[in-house]
Every structure is written in structure tokens, then in C-alpha cells.
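# Just the structure for this:
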Amino acid sequence: MAEAILRNIAGDLFEVFSAGSKPKGEIHPLALQAIQELGISTEGHTSDHLDKYLDQGITTVITVCGNADQACPTFPGQVNRYHWGFEDPPHAQREGESEIDAFRRIRDEIKLVFEAYAFGYREAISKNA
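Okay, here's the model as predicted:
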């Protein structure tokens, strides 16, 4: 969900990739549903291992789940790192909450944080222009 949201919000600013330290090989159907409800395309999204991107010249790494910041390897070069630890949606269901509602709640939290990040990034660019 994080990739789709960030790509939608800030895809004009930078290229967005998503990968995990233990990818499942497929995207959870409820994650796809939650993103599509926002009118964001999920076409072309995959479940990749982060090793795929180690030699891609990555300059910023954003980790979003639990201990992902500790599990993420060091990327070569000057890399900015951010960690926003959101609950893992398949395991975030609260009492009285449906599974899809847990995905929607986490989706909305991610969206809020990424909107703020993109806004700050745009502000920094405009001040340096």
C-alpha cells in the first residue's frame, strides 16, 4: 500500500519502489482493494525482495512496518533513511473491526504521513529553486 500511495502523491518528484525483507510473492488482496478504493491503480505492483534494489542507486529508503528499519540492509552510497512503523494490516485487526477496515485504517495512516512527507519535500525544493 505504501508504494501505491507514495507513487500517487509524489511520483512526479521521484521514482518509487517497494520491497520487503520477507516478501510473500503476492500482494494481499485486501491491500489491493484498499488502494483501489482511493482510485489508485495497482497495476504493475509486485511483491519483491529488497535485494533486487541494492545496486539501483537508491538515495532514500523509507521503511514502514515494524522492525523493517532493523531488517533493512545498508544501501551503497549516501542514503537518507526514514522509518514510520505502521501496523502490519493482516495482523492489525482490532476488536469489532473487520479485516478490510484494518487495511483501510492503516492505508489512511500511511496516506496521511506520506502526504506530509511529500508536502515537506516540495517545500524544500521550492525554497532551493
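# quick one: low-confidence ranges for the protein?
Across the chain, the stretches falling below the confidence threshold (pLDDT under 70) are 66-74, 78.
# State which helix of it is the longest.
For the chain, the longest helix by residue count, based on DSSP state H, is helix 99-128.
# Return the set of buried residues in that one.
Within helix 99-128, the residues that count as buried by 16 or more other Cβ atoms under 10 Å are 102-107, 109-111, 113-114, 117-118. Quick note: C-beta positions are derived from backbone N, CA and C, even for glycine.
# Does residue 111 touch residue 4 like I think?
No - under the criterion of Cβ atoms under 8 Å, residue 111 makes no contact with residue 4, lying 9.9 Å away.
# Next, the distance between the ends of stretch 91-103.
The first and final residues of stretch 91-103 sit 9 Å from each other (Cα to Cα, to the nearest Å).
# Stretch 90-110 too?
Taking Cα to Cα as the measure, stretch 90-110 stretches 15 Å from start to finish.
# which residues are in contact with it?
By Cβ atoms under 8 Å, 6 or more residues apart in numbering, the list of residues contacting stretch 90-110 from outside reads 1-2, 5, 28, 30-31, 33-35, 37-38, 64, 84, 86-87, 89.
# now the strands for the chain?
Secondary structure of the chain (DSSP state E): strands at 60-65, 80-86.
# so which of those strands is the most packed in?
Burial among the strands of the chain, expressed as mean neighbours by mean count of other Cβ atoms under 10 Å, is greatest for strand 60-65, which shows a mean of 20.
# Send over that strand as PDB, restricted to the C-alpha atoms.
Coordinates of the C-alpha atoms in strand 60-65 are reproduced here as PDB (Å, rounded to 0.1, in the frame of the first residue of the first chain):
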ATOM      1  CA  THR A  60      16.200   7.400   0.100                       C
ATOM      2  CA  VAL A  61      14.900   4.400   2.000                       C
ATOM      3  CA  ILE A  62      11.600   4.600   3.800                       C
ATOM      4  CA  THR A  63      10.700   1.600   6.000                       C
ATOM      5  CA  VAL A  64       7.100   1.300   7.200                       C
ATOM      6  CA  CYS A  65       6.500  -1.900   9.000                       C
END
